Structures are given as structure tokens and as C-alpha cells.
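Student: pasting a predicted model and its sequence here:
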2 protein chains.
Amino acid sequence: MQSEERQKRIEEYLQKVEFASLEELARQVDASISTVRRDLTQLEAVGNLRRTHGGARVIVPKSDEFAFSSRDTLQLAEKEAIGQACASLIQPSQSVIIDAGTTAFHVARHLESLTLQIITNSLPVANLFASAQRIEVVVTGGVIYPRLGVLVGPLAVEAFSKIHADVAIMSGGGITLEGVTNSHALLIDIQQAMIRAASKVIFCFDSTKFGRRSVAQLCDLSSIDTVVTDAGAPSDLVRGLRERGVEVLVAPAPFQPVSTPAPVPAPSPAPPKAIKHIPRRRPVPAKAAVITESPSETSDSRMGWD
Amino acid sequence: MQSEERQKRIEEYLQKVEFASLEELARQVDASISTVRRDLTQLEAVGNLRRTHGGARVIVPKSDEFAFSSRDTLQLAEKEAIGQACASLIQPSQSVIIDAGTTAFHVARHLESLTLQIITNSLPVANLFASAQRIEVVVTGGVIYPRLGVLVGPLAVEAFSKIHADVAIMSGGGITLEGVTNSHALLIDIQQAMIRAASKVIFCFDSTKFGRRSVAQLCDLSSIDTVVTDAGAPSDLVRGLRERGVEVLVAPAPFQPVSTPAPVPAPSPAPPKAIKHIPRRRPVPAKAAVITESPSETSDSRMGWD
DNA sequence: AAATTCTTGCAAAATCTATCAAAATCTACC
DNA sequence: GGTAGATTTTGATAGATTTTGCAAGAATTT
């Protein structure tokens, strides 16, 4: 059987069963486990499925909830740390605007125990608080942007232009010393309305957003009061932000030292506590075979804030 | 089984039962307690559920379990039948307002396969369509009424006053020949706005609502084009409605005749389908009586439309 | 105080990555 | 048309890594 045919059959089979083990797939296409492994690596690079331990799964099971509230979230540990740190900035009884986007969602998860008024255009955030008695949730109107559950459009902008809040918890696609950028004009309008509506503006960025520039300018640094990020943020940019009057809160590193692109020479083999094996970040499987596509667009080219 | 598949099955199982013990989950996915523990920790970090002592529970009961969920399984079969019947009245490409409330929700579930524009103030309905590519969903703004996920307040009323739709699918607390009643002033305002916004008004009532009168008047019969109900509806009332120009569609009885002791010989021919629909221009519904009641906040005084 | 339940550490099992040699396929040249 | 050599694909294997189940001690609920 040709490799093309094999891969196609793998995809089709997965489409039917949603999950499959390597052994199952190998039997299905009558090839060895190794071969199936390689096929899966290629197919994943193209973006049609996702490998898991011991097998693979389709990327968009039609039954799944909002894309980001499930396991696809990138930088999960970092975002959790950011969420916790950012939540500590919020006082009880404040009114809080919460942006859509994964990072802001993780902040919201840490606010459940407080007594607050929440204003949001994110359906997942709204769901999160829907049954919390102590929190009043105002949902802006709007049209649902599929799969992300963001409410967009004039109704949303209008809603924010009519209210006022103590704090806005925002996220974005990238931050540089020139300001914040995000990827979609629809979002920009709404986010600018959020910023105008809030007395204090807090932006949450995981460290990969630093130095990145997305398509559309959202605001410049003067609009921002505080930035919350994780320990991986480049220190020169952090310093630059502080020099320009932006308060920067760096969340402590999560438990496992994941993805520390910084040098970390560690010449002395200092035994890290009593830990047996030191998990290291494995490199992105950039080694894919003959594929000539632009690499960066794998798996995550949706609206770009995660 | 792969860990991803296992986690997904845990989530699905939890969605069904709302709570589950570790042992129960371990049996369900055929893994050890330890493994389930680890899975739960991960799933909680992602945000889809919450651990408890000895087990886990869902955070956001998906779709129909918004609180009216686990409620009366009795009427469920009837509501399903009503949902199906009512959905058959909807044409592709129409714009449809969907009321909050269990009955309307069940109608919504039967609309997923159509290509429509949906306007709703119900969070459960919004969630239902959130990832449906073929359906555009407009969510009105508003404050979340806890446990039911209805968006209430001026934002919601305003949103409906600015739009127009082909059909409104409504539910209410009770229907008599004097009109429709519902239990809460906040709802009344919004529902009246819905009725004004729609060209055709369809009310869905399970048969227990017939002859019942709730606290507040919502509208009179002249505002209604069609009523959809189940086979248990009292025939005199059904006849009365028809005499007053309301089209009545009776959904066939569900498979197993629950709680319908009467064999219902049905000697009266009255083929409901054959009735000619006479849409009339209706006056703007008179302002409803202002309810000054303080609806006892007991756990059971939920908004009353089921 | 008793009984669960949770956390932590650890070793066994399963799986992944990287590598290599054999098989299959392609290319160039006669 | 056919064949030797180069290239790609395949299957297998070894070592690294992750996952899993278990058990002891800590923390909790009753």
C-alpha cells in the first residue's frame, strides 16, 4: 500500500472512532507500529489530527465544547500561574470586565471564591459563573464566534460603552514596547471599549507573547496599568515596560520547569532535590519530512490569543 | 485505553451524572483509582470539572442540565415530542427567537440540523449552538439569572426591541382562554419584547400548563399564532383556542404512554394538521400587571415556566 | 478518635524518540 | 528495455521518557 493511501485510511478511520491506539491503527492499515507512528507525525504536522500517548485522536470532535476550555490549551501551566497571580490583584466587591481568550479564562477560574460583579463577552466565562450565587454576571450581547464562544459585533461594543467597571482583565495576541496587538478587527473594537470602560486595565500575557506582534494594533502602553506574565518573560522587555510606567507582575514558575528557552547552562550537575528524572521540554517535531508548508501555522491558527 | 480517551470518557460520564465517586469513575473507565485521580487533577486544571472529596462534579453542566435539567423526568418525553413537532414548523434560513425555559430548549435541540439565525437570551440554548457552524447565534445581553442561565434585565429587553425575526418560539407558565401567564416580571418584559419582534409567535406548552394561571399576565390569545402541545392537552381547551383563531398543533404521544391513564379514544376527528393557519396582525400586548411580589427566595421558587 | 481520602514517592509497564539495516522505489546511464 | 547505484520507506531495536498502579504517611471528614 502506498503511504498516501495509508495515511488517508488512517484519517478516515480516526474520523469514525475519534480515538485509536497505535496497535489498532497498525492493524487497520496493515503496517508496523513504527510506520504508523511516522504517519501520525506527518498528519499531525499538517494539522488533521493530534497524537496522544499510545495513539491519536481527531482534532475537532464535533461534540467538543469550546475549543480552548479543553486540553488544547497551550502553555497550560503558565496560564494557570498567571491566573492565580492576576486573581490576587482583585479585591472583593469590585466590578470586573473579563476579556475572551484562554488566558483571561484561566484568571476567571481563580475568581470564583470572591464576591464580585463580572462583565464579559465570553460564553465560557459566563458558563463558569452561571451557577455561582455570590457573583453577578453581566453578559454583553453579540453574535457567537463559533468554537471560541466570544460574543462579537456591535451589540457587544455597545454594551461596554454603556457601563463602567473597576478593573478589566484583558488578553492579547502580542506585546512589544510599542503596545499591544491582536489578530482580529472585530476583537479590537470590543477590547478598546473594554479598556475605556475600566478604571484599571490589567493585561495577561504568557511569556510567548512578548515581542510578538499581531496584525492589528489594540492599544499602546499608556493604556495599560498592569501586565501579568509568567517567569519565562524576557527580562529586557519586562524592564522596558517598567521604565514606561507599567506595573509588571511575574507569576512564579509552575511546578515543573517546562520550556525554559533561556540558556540555563547549569554547569555543575546540581542534583535537583531528590527527583529521579528531570523532565525536559522536547523540541517541537519540526523534523517533519518533505513537507514544504510554512511551519508556523500548525494546529493553532484560529483567532490568535492563545 | 489512551489517557486522552479516558479523560474524555470521564468528562462525558460526569456530564451525565453530575457527581461521581472515584471508585465509580475508575470502574467506568477501567483504570485504577490513582489514575483517575491524576486525570481529575488534569481535567480540573483545564477547567472542565471540579474535584471534591472522594470524587468530582461538573462545573458547568452542559446544555440541558442548566438546573432545570435533572428536574421532572416526567414531562421529558412530552417535551421531546413537542420539540420535534415545533421544529417541523421552522423553515430553513429563517430567523428564530428562542425563549429561555425548558420547553423552548427542547425545541432548540431539534433545530441543530437546519441552517438558521437564532436569537436567544438563554445561555443553555447559546451553548447548544455555540459550535454549530451552520447556525448564526445572536445572544442578547443581560444579567445571568443563576441556575437557569437566562439573561434578564434591560440589556436583554433592549436587544429584542432592536431586532426583528420571522418566528418566536416561546414558553410560559400557563395558558387559559384569557391568555398566557408567567411567573416573573423580569421575564414578562423580555418575552413581550420577543413577541413584538417576531412575525409569527409559536408557544410551546406541555399539557400540564393548560388551564394553569401563573402570577403575571404575559399576553392574550390574539398575540399567538400557534400553540404546540402534547397529546395530553384537554380537548375542550384546545377547541377553545382554535375557535379563537389560534392554530394548535398536538404532538403525537411519546412511545410509552406515561401518565396518560386515559386511553383517549379520540372520537372527534379534528385533524390538527389540516387546519388553515390564519395569521392576524396583533396589537402590541397591553402592559402587564406590575408584580410587586417578592418572590420568596426559597430554593424552589425558581422562575416558573416549566 | 475512626475512617476515608489525599498526597507523595517509587518501581514496573507502556510508550516515545532516535537510530540502523533491510526492502522498496527511483534515477541515471548503458 | 534493463540494471547498478542512490534515495526513500519500512520494520525493528535500544535507551529515554511517560504513564500507571501500589503503598505509606499526611490530611480531611465524620
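Tutor: Everything's here; your move.
Student: helix/strand/coil for the residue of the stretch 101-250 of chain A found nearest DNA strand D?
Tutor: DNA strand D sits closest to A:Ser113 of the stretch 101-250 of chain A, with a gap of 14.6 Å, by CB to the nearest atom of the strand. Every residue, glycine included, has its C-beta placed from N, CA and C. Following DSSP: H, G, I helix; E, B strand; the rest coil, we place A:Ser113 in the coil state.
Student: let me know how buried it is, in neighbour terms.
Tutor: Other residues near A:Ser113 come to 11 when the count uses other CB atoms under 10 Å in any protein chain shown.
Student: ok, it to A:Val96 distance?
Tutor: Going from A:Ser113 to A:Val96 by CB to CB, to the nearest Å gives 14 Å.
Student: could you do A:Cys219 as well?
Tutor: As for A:Cys219, its distance to A:Val96 is 18 Å (criterion: CB to CB).
Student: give me the more crowded residue out of the two.
Tutor: Neighbour count, other CB under 10 Å: between A:Cys219 and A:Val96, A:Val96 has more, with 25 against 20.
Student: and stretch A:212-222, how far out from the chain middle?
Tutor: On the basis of CA atoms, centre = their mean, to the nearest Å, stretch A:212-222 sits 18 Å off its chain's mean C-alpha point.
Student: if I look at A:Val29, how far off is DNA strand C?
Tutor: Using CB to the nearest atom of the strand, to the nearest Å, A:Val29 is found at 15 Å from DNA strand C.
Student: show the contacting residues for that residue.
Tutor: By CB atoms under 8 Å, 6 or more residues apart in numbering or on different chains, the contact set of A:Val29 is A:Met1, A:Arg6, A:Arg9, A:Ile10, A:Tyr13, A:Val36.
Student: what's whichever strand or helix holds the last one packed up against?
Tutor: The secondary structure element spanning A:Val36 is helix A:33-46 (assigned by DSSP states H and E). The contact analysis (3 or more CB pairs under 8 Å, 6 or more residues apart in numbering or on different chains; DSSP states H and E) places helix A:33-46 against helix A:3-17, helix A:22-29, strand A:49-52, strand A:55-58.
Student: let me know how buried the closest residue to DNA strand C within chain A is, in neighbour terms.
Tutor: With CB to the nearest atom of the strand as the measure, A:Gly54 is the residue of chain A nearest to DNA strand C, at 3.8 Å. Burial of A:Gly54 is recorded as 16 neighbouring residues (other CB under 10 Å).
Student: find the nearest non-adjacent residue to it, please.
Tutor: Residue nearest to A:Gly54 in three dimensions, not counting chain neighbours: B:Gln2, with 4.7 Å by CB to CB, 6 or more residues apart in numbering or on different chains.
Student: ok, the one you found touching A:Arg51?
Tutor: No: counting by CB atoms under 8 Å, B:Gln2 sits too far from A:Arg51 to count as a contact (10.0 Å).
Student: can you tell me which of the helices and strands packed on helix A:33-46 is most buried?
Tutor: Burial of the helices and strands packed on helix A:33-46 is given as mean neighbour count (mean count of other CB atoms under 10 Å in any protein chain shown); strand A:55-58 ranks first at a mean of 22.
Student: and the gap between the residue of the stretch 101-250 of chain A closest to DNA strand D and A:Leu89?
Tutor: A:Ser113 is 15 Å from A:Leu89, by CB to CB.
Student: do me a favour and average the pLDDT over the helix holding A:Val36.
Tutor: Averaged over helix A:33-46, pLDDT sits at 94.
Student: show me which residues of it are buried.
Tutor: Burial within helix A:33-46, assessed by neighbour count using 16 or more other CB atoms under 10 Å in any protein chain shown, is assigned to A:Val36, A:Arg38, A:Asp39, A:Leu40, A:Gln42, A:Leu43, A:Glu44, A:Ala45.
Student: from A:Glu12, how far off is the last one?
Tutor: From A:Ala45 over to A:Glu12 the distance is 19 Å, taken as CB to CB.
Student: same question, the first one
Tutor: Applying CB to CB, one obtains 14 Å for the distance of A:Val36 from A:Glu12.
Student: using CSV, write out every CA atom in the helix or strand hosting A:Met194.
Tutor: In the assignment (DSSP H and E), A:Met194 maps to helix A:185-197. Extracted as CSV, the C-alpha positions of helix A:185-197 are listed here (Å, rounded to 0.1, in the frame of the first residue of the first chain):
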residue,chain,number,x,y,z
ALA,A,185,-10.6,43.7,13.9
LEU,A,186,-13.8,42.5,15.5
LEU,A,187,-12.0,41.9,18.7
ILE,A,188,-10.1,45.1,18.6
ASP,A,189,-13.2,47.2,18.7
ILE,A,190,-14.6,45.3,21.6
GLN,A,191,-11.4,45.3,23.6
GLN,A,192,-10.9,49.0,23.1
ALA,A,193,-14.4,49.6,24.5
MET,A,194,-13.5,47.4,27.5
ILE,A,195,-10.4,49.4,28.1
ARG,A,196,-12.3,52.7,28.0
ALA,A,197,-14.9,51.3,30.4
